[in-house]
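Engineer: can't give you the sequence, but here's the structure:
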């Protein structure tokens, strides 16, 4: 898909295609559509990220709260979004042992209790062994710093989803 | 459901219950959870509305763009949210004649082309005869005024959904 195609979309089509770039927040894609035309993937992404950055803290936490736990209840119930399912599966999080799953469940609960939002991580840049290590490490961070870290992960996830959607046109772009 | 119950919810439960108070914007419920405890329905609603009012214009338009057309494509495909389905059905919009449906489709398209968001109306406070009349009237409004009108409808819809969720506890509250 090239940018000409993207720029020609009406808002319904745009939200259908880009509505889950930020997990379960089609509102953000629907707002970003106002900023068209977009020059390239980097420009499109800039508008997604600017919207996130401009939200009050409650809204930024809200974005995080729309994410599922890694290897959590939603994965077990099969109610993940297609994108989340692929990402968690690719990281090996859908084939954990009972023991690994229990460990993650415990850590996820501790994290939610401490910060008031779920642990968010770009699973495609991690794997089943690294996830619990990173969760334990971030569990000890300060809340304000952890909010920034978690939003950084939201942006990495969004970047990778945009690259998937826009394909080879954007392969030159680096992760930021 | 009383406020004690609402105030005891973790964010997952809160978003499950209140995630569609603002159509397809669970982010807003997820942000509002930060403001607990809530005193009563009016207080809870105040936080939903304050979040909407604080968004930049692109975000406010984004909320509107998460709404389906009345008697539109999504209704025909059966992909409406449960709340929307009930509201459109209650207003008689699921049993239009082919002619009525075509008329609405044409007006909806004109409205979207003029304002860049779909026509949003609290269907439960209207009916199949009034909807096209109101659509034609609003089609001639100025964009800035129409954005305010449409957000007012989002709030009426949100109010009615909150009343449904919280039940008799809140029956004394008036529409604002």
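Structural biologist: Right, received. Where do you want to start? Treat the numbers as computed from the prediction; the structure is a model and nothing was measured.
Engineer: for residue A:147, what are its contacts?
Structural biologist: A:57, A:60-61, A:64, A:115, A:117 (Cβ atoms under 8 Å, 6 or more residues apart in numbering or on different chains). (Glycine included, C-beta is placed from N, CA and C.)
Engineer: of those residues, list those near chain B.
Structural biologist: Restricting the contacts of residue A:147 to those within reach of chain B (Cβ under 8 Å from any Cβ of the partner chain) leaves A:57, A:61, A:64, A:117.
Engineer: mind checking the SS state of residue A:39?
Structural biologist: Recorded secondary structure, residue A:39: coil (DSSP: H, G, I helix; E, B strand; the rest coil).
Engineer: and it, what's its pLDDT?
Structural biologist: The score at residue A:39 is 95. That number is its pLDDT.
Engineer: and the lowest-mean-pLDDT helix or strand in chain A, how far from the chain's centre?
Structural biologist: Here the helix or strand of chain A ranked lowest by mean pLDDT, DSSP states H and E is helix A:73-77, holding a mean of 91. Its chain's C-alpha centre and that of helix A:73-77 lie 17 Å apart, by Cα atoms, centre = their mean, to the nearest Å.
Engineer: who are the packing partners of that helix?
Structural biologist: Applying 3 or more Cβ pairs under 8 Å, 6 or more residues apart in numbering or on different chains; DSSP states H and E, one finds that helix A:73-77 contacts helix A:82-90.
Engineer: buried stuff in the helix or strand following the helix it packs on?
Structural biologist: Next along the chain after helix A:82-90, taking DSSP states H and E as the criterion, comes helix A:98-115. Of the residues in helix A:98-115, A:100-101, A:103-105, A:107-108, A:111-112, A:115 count as buried by neighbour count, 16 or more other Cβ atoms under 10 Å in any protein chain shown.
Engineer: a markdown table please, covering the residues you listed and showing pLDDT.
Structural biologist: A markdown table is the format used below for those (pLDDT from 0 to 100):
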| residue | pLDDT |
| --- | --- |
| A:100 | 93 |
| A:101 | 94 |
| A:103 | 95 |
| A:104 | 95 |
| A:105 | 95 |
| A:107 | 97 |
| A:108 | 97 |
| A:111 | 98 |
| A:112 | 97 |
| A:115 | 98 |
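Engineer: closest to chain B among these?
Structural biologist: Nearest to chain B among those is residue A:112, at 7.4 Å by Cβ to the nearest Cβ.
Engineer: now the closest one, nearest residue through space, not along the chain?
Structural biologist: The shortest distance from residue A:112 to any non-neighbouring residue, by Cβ to Cβ, 6 or more residues apart in numbering or on different chains, is to residue A:118 (5.7 Å).
Engineer: with residue A:39 instead?
Structural biologist: Nearest non-adjacent residue to residue A:39 (Cβ to Cβ, 6+ apart): residue A:3, at 7.0 Å.
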